[in-house]
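J.: Just need the structure, nothing else, for what follows:
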Amino acid sequence: MKKNIAIIMGGYSSEFQISLKSGGVVYEHLNKDRYNLFRIHIGKDGWVFVSEEGDKLPVNKHDFSVTTEKGIQTFDCVFNAIHGTPGEDGLMQAYFELLDIPQTSCDYYQAALTFNKRDSLSTLKPYGIKSAASYYLNRGDTVDEDAIVAKVGLPCFVKANKAGSSFGISKVHEKTELRSAIEKAYQEDDEIIIEAFLDGTEVSVGVITYKGKTKVLPITEIVTTNDFFDYEAKYEGKSEEITPARISEIQQKKVSELAQRAYEVLKMKGYSRSEFIFVGDEPYMLEMNTTPGLTVESILPKQAKAAGISLSELFESAIDEALGWTRR
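T.: This is a model prediction of the structure:
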């Protein structure tokens, strides 16, 4: 009997449209002979099932069901394609755990922790995973430019603590630029992390659970024509993403081991994509994403392809893992 799979996409953040693209790719590549697929748009103005014809039917939030002409539809599994809140910060994960519905991403605690850059980097530090020197601000705190520069130096990066896809991020070269960068970050979040600039090669490392085992995917090198890997570089073609990365064997070994260690220390499930910058041969972690982009242009699908894993295999494996069994 075919499983009913809900593909959730959209969300409440600036990444709404990007998430719709990811969810659309998942819908396109999952085997419709094996699954009954339901596109569920999660938005601030409501949760709706979008049919093939474009009709929109409301989702009953009490049990996450949809009433169609065929009756009440419930779901065997949820494929999470939401970037940002509420799909990447633990809210949807906790909701589905309460409803006892399997879902493809990590558990709610891991999602909340990794979505918080400050907390996740602090948690991983005792396990030998290095990160840049940093300074924290919360909305309402006094901004002491001299203290910030003394701690992290210049240039530095000002980031929203809980936001993805480079929204709310600025590279600051002069102390006079700090306040406007901080205000920009506050447009995305009420918490900020300011980090020292690390001059080196940036790489992205995908780690997934695949056929019951933790698998590190081929590493991607990020080369951008912009000043840093910002939104334009990610989504508007102003970067080159090279897989496999042009790094040494020792760099490859170190960053692969650290990415896997972070995944296993945090007891992750599903997909992850961790970003690092090399200072010499030492990788420094920037962040971990737990619902990374899944469009054909996105990094994780390209890494899977380099590993010989098709999009269909990548997506179906996530559902199999969530349901507690693997295909043989």
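
J.: As a check, name the ranges of all helices in the protein.
T.: With helices called from DSSP state H, the chain shows them at 16-29, 91-99, 108-115, 117-124, 145-152, 178-186, 231-235, 249-265, 299-306, 311-323.

J.: How about residues contacting the longest one?
T.: In this structure, residues lying in contact with helix 249-265 by CB atoms under 8 Å, 6 or more residues apart in numbering are 124, 127-129, 201, 203, 205, 207, 214, 216, 219, 245, 247, 268, 272, 274, 276, 278, 281-283, 285, 288. For every residue, glycine as well, the C-beta is placed using N, CA and C.

J.: among the helices of the chain, which is nearest residue 160?
T.: helix 178-186 (4.6 Å; CB to CB).

J.: Tell me which other helices or strands that closest one touches.
T.: Applying 3 or more CB pairs under 8 Å, 6 or more residues apart in numbering; DSSP states H and E, one finds that helix 178-186 makes contact with helix 145-152, strand 156-160, strand 170-172, strand 191-196.

J.: will you turn the ones you listed into CSV that also has distance to residue 303, mean pLDDT and mean neighbour count?
T.: As requested, those are arranged in CSV below (distance: least, CB to CB, whole Å; pLDDT from 0 to 100; neighbours: other CB atoms under 10 Å):
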stretch, distance to residue 303, mean pLDDT, mean neighbour count
helix 145-152, 31, 98, 15
strand 156-160, 24, 96, 25
strand 170-172, 26, 95, 20
strand 191-196, 25, 97, 23
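
J.: Please tabulate these in CSV and include distance to residue 18 as additional columns.
T.: Supplementary listing: these in CSV, determined by distance: least, CB to CB, whole Å:
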stretch, distance to residue 18
helix 145-152, 29
strand 156-160, 16
strand 170-172, 20
strand 191-196, 22
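
J.: picking that back up, out of the contacts of helix 249-265, list just those in strands.
T.: Among the contacts of helix 249-265, the members found in strands (DSSP state E) are 203, 205, 207, 214, 216, 272, 274, 276, 278, 282-283, 285, 288.

J.: distance of residue 295 from residue 156?
T.: 31 Å (CB to CB, to the nearest Å).

J.: wait, isn't residue 41 in contact with residue 47?
T.: Yes. In this structure, residue 41 is within contact of residue 47 by CB atoms under 8 Å, at 7.1 Å.

J.: Which of the two has more residues huddled nearby?
T.: residue 41 (22 against 17; other CB atoms under 10 Å).

J.: Is the more buried one bridged to anything, and to what?
T.: On the basis of DSSP bridges, residue 41 takes part in beta bridges with residue 9, residue 48.

J.: All further residue positions should be reported with the first residue as 24.
T.: OK, 24 is where the count begins now, so the last one is residue 64.

J.: check contacts around it.
T.: With contact taken as CB under 8 Å, 6+ apart, residue 64 is in contact with 32-33, 43, 70-71, 73, 79.

J.: any idea what sits nearest residue 211, other than its immediate chain neighbours?
T.: For residue 211, ignoring the flanking residues on the chain, the nearest one in space by CB to CB, 6 or more residues apart in numbering is residue 191 at 3.3 Å.

J.: Could you do residue 91 as well?
T.: Leaving out its chain neighbours, the residue that sits closest to residue 91 by CB to CB, 6+ apart is residue 80, at 6.3 Å.

J.: Distance check, that neighbour against residue 89.
T.: From residue 80 across to residue 89, the span is 6 Å (CB to CB).

J.: Mind listing the shared neighbours of the two?
T.: Taking CB under 8 Å, 6+ apart as the contact criterion, the residues that touch both residue 80 and residue 89 are residue 72.

J.: More neighbours: which of these two?
T.: A side-by-side neighbour count of residue 80 and residue 89, using other CB under 10 Å, places residue 89 first with 22 against 16.

J.: just to revisit the earlier point, can you redo the contacts of residue 64 as a markdown table with pLDDT and distance to residue 338?
T.: Formatted as a markdown table, the contacts of residue 64 follow (pLDDT from 0 to 100; distance: CB to CB, whole Å):
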| residue | pLDDT | distance to residue 338 |
| --- | --- | --- |
| 32 | 98 | 13 |
| 33 | 98 | 18 |
| 43 | 97 | 16 |
| 70 | 98 | 22 |
| 71 | 98 | 22 |
| 73 | 98 | 18 |
| 79 | 97 | 24 |
